[in-house]
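Trainee: Predicted model and sequence follow; I will ask about them next.
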Amino acid sequence: RYQSADEMEADLERVARGLPVAATTAESATQVLRRPAPAPADATVVAPARGRAAVPPPPVVEEERAEAAPGRERPLWPWLVALLFVVAAAVAGFFVWRDLSGSTPQVPVGLYQGEPVAQAKRQIVAAHLQATVKPAPSERYRPGIVSAQAPQAGSHLARGDTVTIWVSTGPPKVAVPTVKGQTWPQAQQALRAKGLKPVERIVPGATKGEVTATEPPAGTRVAKGSTVRVNVMSGPVKASVPNVVGQSLSQAIAALHADGFNVNVAGTVNSTQPQNTVVSQRPQPGASIPKGSTVNITLSNGPPQVQVPDVVTYTSQYAVQVLEKAGFKVDQQYQTVTDPTQDNIVQSQNPQGGTRAAQGSTVTITIGQYSSGPPPTGTTTTTG
């Protein structure tokens, strides 16, 4: 017998877990089973003693009779009650779990990375979710393509939750570094460190391998991975030195400038060449040197001035000998004379004797030629 409903519920819970009933319950059941059986109906009833009130015997409960009957099984109702209790607890636990976890249905998050932004938004809305779009640079994806998402594909969200997608704006921007004055290998290293692609372009220049400029210029912000053209000097261009010996100063300057060389007059020397004539040059004609180099030339001062010997009254042979010894060239002309003593005698000279003239220049002498007839109307000139 149970004193309260709590005791009964406790025993039902123990039975549901496969445990025996409480000791007090077992003891009560034992006492009920041990009560004496009621007297048979035809038994003689002894009248109670006079003067005492008759005490009726305790009523026999049918349950107790059933439990006391030998050979009969335990009833099933405790097991049914325990089963119902377990089912009720499970149902209650489900509703508690649903209240704690929320009753909104969960939907899976798809893979939107690599999709065009418009297509990704349509897929998110079709899944009963909301889309938040944010721009972000990306080296992997071209502009307008989803480069990242949160949460990741395969996650689950409640209907109406937000999926954030980042849309590529193209590669990040970097500033072109300053490489002017560096060597080509140094410029390559600096540009590649910024994620740029250097391309060499050879340009004329005196210092071979030195960078003169970049395109785009230094400081310009360009997309990472862009190509940068680097102007690198080729070094001086070589050319063959022309031969200007024997030319006048003006002629030599024009010829050297035409071939890309500068001219320097290194000095002057006495020479039989006319004044301001090139008598030597350095480098030598035909040498291969860089364009823009300087060619040194030496000019002639002209032949030295020397005194012209006076050879008038000399025989022609002796006059020529004297003049050539003095360094002059001789031009012989003839003039008819009527005096036989003046035959083959120098009648005049030019320049005159005693004057100064350039050594190597020509002295003209006029030689008498005797004739017995009347003098000719003209003068016969012969160059000797």
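Mentor: In hand now; what should we look at? Just so we're clear, the structure is a prediction, and the values are computed from it rather than from any experiment.

Trainee: Which strand or helix spans Ala252?
Mentor: Assigned by DSSP states H and E, Ala252 belongs to helix 249-258.

Trainee: Val303 and Thr277 touch, don't they?
Mentor: Small correction: residue 303 is Pro, not Val. No - contact criterion Cβ atoms under 8 Å: Pro303 and Thr277 do not qualify, at 10.9 Å. Using the backbone N, CA and C atoms, a C-beta is placed for each residue, glycine as well.

Trainee: Can you tell me the closest non-neighbouring residue to Pro242?
Mentor: Distance criterion Cβ to Cβ, 6 or more residues apart in numbering; nearest residue to Pro242, sequence neighbours excluded, is Ala255 at 5.1 Å.

Trainee: What number of residues are in the vicinity of that neighbour?
Mentor: Neighbour count of Ala255, defined by other Cβ atoms under 10 Å: 18.

Trainee: Return the residues in contact with it.
Mentor: By Cβ atoms under 8 Å, 6 or more residues apart in numbering, the residues touching Ala255 are Pro242, Val244, Gln247.

Trainee: Who wins on neighbours among these?
Mentor: Using other Cβ under 10 Å as the neighbour criterion, Val244 leads those with 22 neighbours.

Trainee: show me what contacts the residue nearest to that one when sequence neighbours are not counted?
Mentor: Leaving aside its chain neighbours, Val244 sits nearest to Ala252 (3.7 Å; criterion: Cβ to Cβ, 6+ apart). Contact analysis of Ala252 by Cβ under 8 Å, 6+ apart lists Val244, Val263, Val278, Gln281, Ile297.

Trainee: just curious, which of the residues you listed is nearest to Lys224?
Mentor: The closest of those to Lys224 turns out to be Val263 (Cβ to Cβ; 52.0 Å).

Trainee: ok, so what distance separates that closest one from Gln123?
Mentor: Going from Val263 to Gln123 by Cβ to Cβ, to the nearest Å gives 80 Å.

Trainee: now swap in Thr277 and tell me
Mentor: 93 Å.

Trainee: For the two, indicate the residue with more neighbours.
Mentor: Ranked by neighbour count (other Cβ under 10 Å), Thr277 and Gln123 place Thr277 first, with 20 against 15.

Trainee: Skip the chain neighbours and tell me the closest residue to that one.
Mentor: Nearest residue to Thr277, sequence neighbours excluded (Cβ to Cβ, 6+ apart): Ser300, at 4.6 Å.

Trainee: same check, this time on Pro217
Mentor: Val176 (6.9 Å).

Trainee: That neighbour against Val222, yeah?
Mentor: Yes - using Cβ under 8 Å, Val176 is in contact with Val222, at 6.3 Å.
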